[in-house]
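1. Would you be able to build a 3D model of this:
(one chain, ligands or ions: 2)
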Amino acid sequence: MSLKIHYRGHLSDCNYSCPYCPFALSRNTPEEQARDARDLARFVAWVQANPTRPLEILITPYGEALARSWYREAVRELSHLPQVERIAVQTNLSCPVQWLEDCNRQRLALWLSYHPDQVTATKFLGKCQALGAMEIRYSVGVVGLREHFAAIAALRTQLPPEVYLWVNAYKDQPHYYRPAEIAWLTGIDPLFPDNLRDYPSLGQPCRTGSEAILVDGDGRISRCHFIKDELGRLFEDDLDSLLQPRPCTRALCDCHIGYVHMNQLPFYERYGPGLLERIPLRNPGFRIDPLP
Ligand code: SF4
Ligand code: SF4
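-> Numbering: from 1, shown residues only. Ligands and ions are numbered 1, 2, ... in the order given. Model prediction:
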């Protein structure tokens, strides 16, 4: 069985300015960028030095990684390593896309986020079309903000029907949605209710820490993005001795990137090999109702 690694380096900047995001228009200094590039190169070297361990890797940056050349180069390199069964990246797709042609596109997948107030639909869809022409697997996601409903409907209309468009529930404001809005968003993304709810997780079995881990730029290993207790160090410790089942120590798991790993939930079966890039095995379809 492959080990799933979420990698999050020290990068914390983005070329977009989404109003709800702490990384909006922030800029790392040249020194911070150099450190991030060194850290990523060390991680790639570790993967290269471990050819017998099958891996699935998801780059989950704070900010936009593919705007940086060292992430594009790392993705290209990782995609060609036989032990890397999947290399996936969360991205706003603001970068050029031609470089993706040099990747092993059988192993590569993209978790795209669409931000209607930051990029035109024409530009974003044009890049999606280029990905399709290169036969690159991708899902597209949006945050289900009320002011974006019309843009979400337009995007769903124009994306190829086989591309899964997911909607992340806006949870910063409790009870944000009216029932009609939930019904409308569930038409767009039939899996929206999975994301709308929070999952009680305290004491529950979760595959993070045994089948999936988070690695940061310093090589610190923790089980998931939400429980940062250090389990060990990637570059110093024996990984096998660290990987073991552990119950969750948080009351709730409310984010897709976490709850999909909970043992009692059906998401490993539902997503299969597309778990990291959020592409379900069976396309759930969609329905575009009049705006609520
Ligand atoms: S694209 Fe993502 S990282 Fe960048 S500002 Fe928007 S939400 Fe934040
Ligand atoms: S249930 Fe969520 S918070 Fe708990 S260990 Fe798993 S991913 Fe982390």
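2. what pairs with the residue of the stretch 151-292 of the chain found nearest ligand 1 across the strands?
-> Taking C-beta to the nearest ligand atom, ligand 1 has its nearest neighbour within the stretch 151-292 of the chain at residue 168, 10.4 Å off. Any C-beta I mention is one placed from the backbone N, CA and C, and that applies to glycine too. Note on residue 168: beta-bridge partners residue 143, judged by DSSP bridges.
3. So which residues on the stretch 151-292 of the chain come close to ligand 1?
-> Residues of the stretch 151-292 of the chain found near ligand 1 (C-beta under 6 Å from any ligand atom): none.
4. Please, where are all the helices along the stretch 151-292 of the chain?
-> Assigned by DSSP state H, counting those that start in this stretch, the helices in the stretch 151-292 of the chain fall at 179-188, 192-196, 239-242, 256-259, 267-271.
5. Please identify the deepest-packed of those helices.
-> helix 256-259 (a mean of 21; mean count of other C-beta atoms under 10 Å).
6. where's that one relative to the chain centroid, distance-wise?
-> The chain centre lies 10 Å from the centre of helix 256-259; the measure is C-alpha atoms, centre = their mean, to the nearest Å.
7. so does it get close to ligand 2?
-> Yes: for helix 256-259, a contact with ligand 2 is found by C-beta under 6 Å from any ligand atom, at 258, 259.
8. Please save the CA atoms from that helix in PDB.
-> Taking C-alpha atoms only, helix 256-259 is exported to PDB below (Å, rounded to 0.1, in the frame of the first residue of the first chain):
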ATOM      1  CA  HIS A 256     -12.300  17.600   3.200                       C
ATOM      2  CA  ILE A 257      -8.500  17.100   3.300                       C
ATOM      3  CA  GLY A 258      -8.900  15.600   6.800                       C
ATOM      4  CA  TYR A 259     -12.200  13.800   7.100                       C
END
